[in-house]
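*Asks:* quick one: sequence and predicted model below, then my questions.
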Amino acid sequence: MKGVSEMKTLETLRAGRLVGSTELRICADLEEFPREILDLADTLEILDLSGNRLSALPDDFCRLRKLRIVFFSLNRFEELPQVLGKCPNLEMIGFKSCRIRKIDGDALPPRLRWLILTDNQLEELPASIGDRPRLQKLMLAGNRLRSLPMELSNCRNLELLRISANQLDAFPTWLLDMPRLSWLAWSGNPFCTSTNSDIDLPPEIDWKSLELEEVLGSGASGVISKAHLSGTDKNRHVAVKVFKGTVTSDGYPADEMAACIAAGHHPNLVNVEGRVANHPEARHGLVLSLIPPHYRNLAGPPSYATCTRDVFTVGTAFTTEQILSIVRGVASLCAHLHERGVNHGDLYAHNILVDDHAHALAGDFGAASVLTGFDPSARLALQRLEVRAFGCLLDDLLRLLPAAFPVPESLGALRDACLSETPASRPLFSEILSQLS
């Protein structure tokens, strides 16, 4: 059992038999920080003490001078420990689902790249966050933020930002000028407007007509299962996603469901066939087209090292024709989504499936936000943020061309245009499609 093995890890630590360790995880109902961890100061790089009952760290925690990554999620911290700011090599901090209300300006380490504060009680961020130039990923969904500090605009390397499910009264328009911002989620705030009233809702499908089979996947927002749909002209297999009710790293499941419906139908989209009705636990759910088994994930999600960029299996390679097929499909889908008033917010290779013919299918609307309420110029600016995400995808794929195949000049130029650090100069998806044709 996991708990037993981690209790043994604690015992082994206290016996002094973990000297030289670079990584340590302990989940054993800890109420106090085990000081024996500090004996690993010469080697420890990754520390995960999630799922305990900790509320403080020792003042000399910064003795762990080689520490790069820490996770203290699901603990009882009410304040981000100030001592973290004294850790010279700390780059990634995770305090998801604690009780954090306050962040002192000195608590953020100088080399910070990735900060996870999802599902806490934060009402404001310190202005000092703008003095962290390496910051690339900032996850703040599920807090009580009423505004963002303007100083955050100084973080010119910021690429991924989650501000969904907060108390923001207005969208921070200065985000639209950030040179590298690519993956943005903002749904579930007071300034957000519901989806367009002219969107046709898919039909209701009674839960009793769905016979669930194996689980196909489980994520933060819900569980997807293969199911047999019965009824008149409906005897076939589908996928069913039943949503959870809690806030995720991207926002509220209800907003994901609304965006998924607003997206409508497209050849490169996992399409919605109906809404689940009469669920025995009164949960929301969607009936989706079943993805054929020959489709596979284009990539894996970012690693600790890559931070914001996907990880491809070693040996993966694509021809120019395959790359064109994939990016044409994705660009066509993104043009469709923005026409429908939906910003995907998580346009990544790991959220795209491909088959042997390089046909792309995308889904996963967990970070999606609707554009209702934004004026036309703001909509175009938000589209250009998503265009940079497309540029990252194109860049990743072009790196997978075999060495004997040089990058076509036109594709290289398109990539560079999409990655421009002047957002207003980036092409729109309709223009991208024209170039790809």
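*Replies:* Here it is on my side, so go on. Quantities reported herein were computed from a predicted structural model and do not represent experimental measurements.
*Asks:* from Ala258, how far off is Leu125?
*Replies:* Shown here: Leu125 relative to Ala258, a distance of 27 Å by CB to CB, to the nearest Å. Just so you know, the C-beta spots here come from the backbone N, C-alpha and C atoms, and that holds for glycine as well.
*Asks:* equivalent analysis for Arg63, please.
*Replies:* Distance of Arg63 to Ala258, given as CB to CB: 48 Å.
*Asks:* cool, and Phe318?
*Replies:* From Phe318 to Ala258 the distance is 34 Å (CB to CB).
*Asks:* what do you get for Lys208?
*Replies:* As judged by CB to CB, Lys208 and Ala258 stand 25 Å apart.
*Asks:* so between the two, which is more surrounded?
*Replies:* Taking neighbours as other CB atoms under 10 Å, Lys208 and Ala258 compare with Ala258 leading, 21 against 11.
*Asks:* in a helix, that one, correct?
*Replies:* Yes - remark: Ala258 belongs to a helix, assigned using DSSP: H, G, I helix; E, B strand; the rest coil.
*Asks:* from memory it sits against Val370, does it?
*Replies:* Yes - with contact defined as CB atoms under 8 Å, Ala258 counts as touching Val370 (6.9 Å).
*Asks:* where does Leu337 fall, secondary structure wise?
*Replies:* Using DSSP states H and E, Leu337 sits within helix 320-339.
*Asks:* neighbours around Leu38, how many?
*Replies:* Neighbour count for Leu38, taken as other CB under 10 Å: 15.
*Asks:* OK, contacts around it?
*Replies:* 58, 60-61, 63-64 (CB atoms under 8 Å, 6 or more residues apart in numbering).
*Asks:* of all the helix elements in the chain, which one is longest?
*Replies:* Counting residues, the longest helix in the chain under DSSP state H turns out to be helix 376-398.
*Asks:* need the next SSE after the lowest-mean-pLDDT helix or strand in the chain, C-terminal direction.
*Replies:* Here the helix or strand of the chain ranked lowest by mean pLDDT, DSSP states H and E is helix 2-14, holding a mean of 72. Per DSSP H and E, the first helix or strand lying C-terminal to helix 2-14 is strand 23-25.
*Asks:* tell me the mean pLDDT over that following strand?
*Replies:* On average, the pLDDT along strand 23-25 is 96.
*Asks:* what lines up beside that strand in the sheet?
*Replies:* With DSSP bridges as the test, strand 23-25 is paired with strand 46-48 (parallel).
*Asks:* quick check: next helix or strand after the strand it pairs with?
*Replies:* Next helix or strand after strand 46-48 toward the C-terminus (DSSP H and E): strand 69-71.
*Asks:* which elements pack onto the next helix or strand after that next one?
*Replies:* Heading C-terminal from strand 69-71, the first helix or strand you meet, by DSSP H and E, is strand 92-94. Counting contacts by 3 or more CB pairs under 8 Å, 6 or more residues apart in numbering; DSSP states H and E, strand 92-94 packs against strand 69-71, strand 114-116.
*Asks:* dump the ones you listed into CSV; add mean neighbour count and distance to Asn89 as well.
*Replies:* Below are the helices and strands packed on strand 92-94 laid out as CSV (neighbours: other CB atoms under 10 Å; distance: least, CB to CB, whole Å):
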stretch, mean neighbour count, distance to Asn89
strand 69-71, 20, 10
strand 114-116, 21, 13
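*Asks:* dump the ones you listed to TSV, plus distance to Ile323 and mean pLDDT.
*Replies:* Output for the helices and strands packed on strand 92-94, formatted as TSV (distance: least, CB to CB, whole Å; pLDDT from 0 to 100):
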stretch	distance to Ile323	mean pLDDT
strand 69-71	33	98
strand 114-116	29	98
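*Asks:* can I get those strands in CSV including distance to Gly222?
*Replies:* Formatted as CSV, the helices and strands packed on strand 92-94 follow (distance: least, CB to CB, whole Å):
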stretch, distance to Gly222
strand 69-71, 23
strand 114-116, 21
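*Asks:* Asp250: which of those is closest?
*Replies:* Among the helices and strands packed on strand 92-94, strand 114-116 comes nearest to Asp250, with 12.1 Å by CB to CB.
*Asks:* strand partners (parallel or antiparallel) of the closest one?
*Replies:* With DSSP bridges as the test, strand 114-116 is paired with strand 92-94 (parallel), strand 137-139 (parallel).
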